[in-house]
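In: Test case, fold it:
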Amino acid sequence: MTDAAATILLCQAGTLICGLQLQGVVETMRRLPIEPLSGTPEFLLGVSVVRGSPTPVVDLARLLGEQGETRASRFVLVNAGGRHVALSVAEVMGLRAFDVTSLSALPPLLEGARAEFVSAIGVLDAHLLLVLESARILPKSIWAELQLGVGA
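Out: This is a model prediction of the structure:
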């Protein structure tokens, strides 16, 4: 985030509130049917046909480490490094402008394999806010598995 203010799309994923930088969001939509794929990580629910294209579907709550069943009713289609990914979320909460100075870089102790796409953290109405970098949500190794699995 380089501007003094940034607009983010707020989503609820499990018990977490996440923000997606607006320039990475393609659209929001109702949840579509998902075709599961075997041998993929738990957070990758499978593939859905979005606007005629097979699109990987990521359970955002599981990706961020939440366990158990997650409630999801919406997809947020994001641009992930030139490809689209559908994030399965419980709720799309709307747009919010944030002063970039109110957001902080992720502390080194919180960095981990599943947090490489968290670009900043902040507070929203006394709740932790994770600002995500959509371009890094799926690593290249997962894209390679998907290409083999769906013949893309």
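In: Helices of the chain, start to end?
Out: Along the chain, counting by DSSP state H, helices occupy 60-63, 140-150.
In: rank those by mean pLDDT and give me the bottom one.
Out: Ranked by mean pLDDT, the helices of the chain bottom out at helix 140-150, which scores a mean of 65.
In: At which residues are the strands of this protein located?
Out: 5-13, 16-21, 25-30, 44-50, 53-59, 74-80, 83-89, 91-99, 118-124, 127-132 (DSSP state E).
In: Let me have these in a markdown table, adding mean pLDDT and distance to residue 37 as columns.
Out: C-beta: built from backbone N, CA, C; applies to glycine. Shown next, in a markdown table, are the strands of the chain (pLDDT from 0 to 100; distance: least, CB to CB, whole Å):
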| stretch | mean pLDDT | distance to residue 37 |
| --- | --- | --- |
| strand 5-13 | 90 | 21 |
| strand 16-21 | 91 | 24 |
| strand 25-30 | 96 | 21 |
| strand 44-50 | 94 | 5 |
| strand 53-59 | 94 | 9 |
| strand 74-80 | 94 | 17 |
| strand 83-89 | 94 | 14 |
| strand 91-99 | 90 | 25 |
| strand 118-124 | 80 | 25 |
| strand 127-132 | 85 | 23 |
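In: deepest of those, which one?
Out: Ranked by mean neighbour count under mean count of other CB atoms under 10 Å, those are led by strand 83-89, which reaches a mean of 24.
In: Please work out the angle formed by the directions of that strand and strand 127-132.
Out: Between strand 83-89 and strand 127-132, the angle comes out at 160 degrees (axes from the mean of the first three to the mean of the last three CA atoms, to 10 degrees).
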